[in-house]
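[1] From the sequence below, what's the structure:
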Amino acid sequence: MKRNIVIATIAAAALIGGGTATAIAVSGDEEAPAKKSNVQVSNDDTGRDDDANVNDTDDNDADDKAEDKADAAEDNAAKDTGEDAEDKAENAADAKVAQVDAADAIKAALKNTAGTAVSADLDDEGTKHVWDVDILTNGGAWHSVQVDPATGKVVGSHVDRDDDGDDAAETAQIRAALKGSSVTAAEAAEAGATKGTVTSVDLDEESTDKAWEVDTTAANGTGSDWRVDPDSGKITADRSND
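    Model (predicted):
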């Protein structure tokens, strides 16, 4: 009876003290080898802030909400405001045709014609859509390469002639804008694809803040205009029409 009381007392002390107690079992009136029974009890008095995780979660939630709000504002700023129902229907139809996205169309065009892709547009040529990719070769010539948006195959290619005599000046300006740039037209298209179906990629070499201009279309046909930084690849709303 006393043995039970002693063990219970030691265990209770361990629970109250928050430590580890060693209970010695005694059999009858003879001494027996000591058998250790470790009772592990968590100690609340560790100096740890139990609410720390809760507060961190709250902080993370607040940061996530702020980021989501900022993203929503950016998306809203990028939307075309002058579109009517007919425009949106046409946009949606064009986007549906683009089974091969802009980035893959650019890559296919560059396999056909070596150089630097400067633009890619999903054009409606008569009864058929094509990706029209403009490529500036190392020799300074301009090539227009057509890619089937359904198969990704090159269906046409030709050299663009300098009809207005401005090619030399435009080429120099584009080369200057691309100098030191680490983001290609295909990579700009991939950045734009996170916002919707890309229907156009074009280098804006004339503005002071050089950038890739990317047009996207949502599933409902709403168009949005974006700018992709040629150095960082960061995508932001094109507010030039605000």
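[2] Please count neighbours and contacts with C-alpha atoms only from this point.
    Noted.
[3] what secondary structure does the residue most central in space within the chain sit in?
    Geometric centre of the chain, nearest residue: T194, 5.9 Å, by Cα atoms, centre = their mean. Look at T194: counting by DSSP: H, G, I helix; E, B strand; the rest coil, its state is coil.
[4] So for the spatially closest residue to D134 that is not a sequence neighbour, what's the pLDDT?
    Closest residue to D134 apart from its sequence neighbours, by Cα to Cα, 6 or more residues apart in numbering: S144 at 4.7 Å. Confidence at S144, expressed as pLDDT, is 96.
[5] isn't S144 right up against H158?
    Yes: between S144 and H158 there is a contact under Cα atoms under 8 Å: 5.5 Å.
[6] where does this protein have low pLDDT?
    Along the chain, segments meeting pLDDT under 70 span 1-59, 67, 70-71, 74, 161-166, 241-242.
[7] what are the ranges of the helices in it?
    Along the chain, counting by DSSP state H, helices occupy 2-17, 52-78, 85-97, 102-112, 167-178, 185-192.
[8] coming back round to it: so what's the residue nearest to the centre of the chain up against?
    Not one residue lies near T194 by Cα atoms under 8 Å, 6 or more residues apart in numbering.
[9] any idea how far it is from V145?
    25 Å (Cα to Cα, to the nearest Å).
[10] same question, D124
    On the measure of Cα to Cα, D124 and V145 end up 14 Å apart.
[11] neighbour count winner among the two?
    V145 (26 against 12; other Cα atoms under 10 Å).
[12] Next, count neighbours for the closest residue to the more buried one other than its chain neighbours.
    Nearest residue to V145, sequence neighbours excluded (Cα to Cα, 6+ apart): S157, at 4.3 Å. Counted by other Cα under 10 Å, the residues lying close to S157 total 17.
[13] Quick check: S157 touching S144?
    Yes: if you go by Cα under 8 Å, S157 and S144 touch, sitting 5.6 Å apart.
[14] If you tally nearby residues, what's the number for the nearest residue to T222 once chain neighbours are set aside?
    Beyond its immediate neighbours in the sequence, the residue positioned closest to T222 (Cα to Cα, 6+ apart) is K88, lying 5.6 Å away. Per other Cα under 10 Å, the neighbour tally for K88 reads 18.
[15] what sits against K88?
    Applying Cα under 8 Å, 6+ apart, the residues near K88 are 220-223.
[16] Report the two of the residues you listed separated the most.
    Spatially, the most separated pair among these is N220 and G223, at 9.0 Å (Cα to Cα).
[17] From R175, how far out is the nearest residue to A103 once chain neighbours are set aside?
    Closest residue in space to A103, ignoring its immediate chain neighbours: A186 at 4.4 Å, by Cα to Cα, 6+ apart. Noted for A186: a distance of 17 Å to R175, by Cα to Cα.
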